[in-house]
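[1] Starting from these lines, generate the structure:
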Amino acid sequence: MKYAIREMLKTGGGSIINTSSILGSVGEPTSMSYNATKGAVNLMTKSVALEYAEQNIRVNAVAPGFIESGQVSKEALGDFYDGLVDKHPIGRLGDPEEIAHAVIFLAENSFVTGTTVLVDGGYTAK
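    Model (predicted):
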């Protein structure tokens with residue numbers, strides 16, 4: 001953000017989208033450092049959004065839940081996979097395109113700043 005903001009100030013503004021995680025909003029017993037850093041991303045997003053709002057720089061974050069990928073798949077996780085799916089009220093893990101849609105929304109909506117969008121199939125709603 002430090003370098004992007006310098007350039008955005010020269011060009012009249014812009015949109016920054018940070019990457020957080022659902023684990024910045026909920027705790028995980030074995031992930032204290034990860035939880036802390038993603039929680040910090042969420043609050044840093046808010047602080048910087050407030051600091052640069054008048055300069056037409058919007059700062060938001062997207063916080064993905066568990067997304068189907070090579071590392072997060074039935075094949076990779078085995079029996080653990082079904083338990084992970086069960087933690088999502090929507091009944092499945094996310095798709096990478098669903099995260100991309102959230103990023104596009106944040107990039108295009110000029111009235112949104114200082115927020116973290118959770119894209120998590122209801123994981124954090126419980």
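[2] For this protein, just list every one of the strands.
    Ranges of strands in the chain, per DSSP state E, are 14-19, 57-64, 116-119.
[3] Could you check the pLDDT of Ala107?
    Note on Ala107: pLDDT of 98.
[4] Nearest residue to the middle of this structure?
    Ala63 (1.9 Å; Cα atoms, centre = their mean).
[5] now the longest helix anywhere in the chain, how far from the chain's geometric center?
    Looking across the chain with DSSP state H, the single longest helix is helix 32-52. Here the centre of helix 32-52 is set off from its chain's centre by 11 Å, with Cα atoms, centre = their mean, to the nearest Å.
[6] Could I have the CA atoms of that helix written out in PDB?
    Output of helix 32-52 as PDB, limited to C-alpha atoms (Å, rounded to 0.1, in the frame of the first residue of the first chain):
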ATOM      1  CA  MET A  32      -2.600 -17.700  16.500                       C
ATOM      2  CA  SER A  33      -0.100 -15.900  14.300                       C
ATOM      3  CA  TYR A  34      -2.200 -16.200  11.200                       C
ATOM      4  CA  ASN A  35      -5.300 -15.100  13.000                       C
ATOM      5  CA  ALA A  36      -3.400 -12.100  14.400                       C
ATOM      6  CA  THR A  37      -1.900 -11.000  11.100                       C
ATOM      7  CA  LYS A  38      -5.200 -11.300   9.200                       C
ATOM      8  CA  GLY A  39      -7.000  -9.400  11.900                       C
ATOM      9  CA  ALA A  40      -4.400  -6.700  11.600                       C
ATOM     10  CA  VAL A  41      -5.000  -6.600   7.800                       C
ATOM     11  CA  ASN A  42      -8.700  -5.900   8.500                       C
ATOM     12  CA  LEU A  43      -8.000  -3.000  10.900                       C
ATOM     13  CA  MET A  44      -5.100  -1.600   8.800                       C
ATOM     14  CA  THR A  45      -7.600  -1.500   5.900                       C
ATOM     15  CA  LYS A  46     -10.000   0.600   7.900                       C
ATOM     16  CA  SER A  47      -7.300   2.900   9.200                       C
ATOM     17  CA  VAL A  48      -5.800   3.600   5.800                       C
ATOM     18  CA  ALA A  49      -9.300   4.000   4.200                       C
ATOM     19  CA  LEU A  50     -10.000   6.700   6.700                       C
ATOM     20  CA  GLU A  51      -6.700   8.400   6.200                       C
ATOM     21  CA  TYR A  52      -7.000   8.700   2.400                       C
END
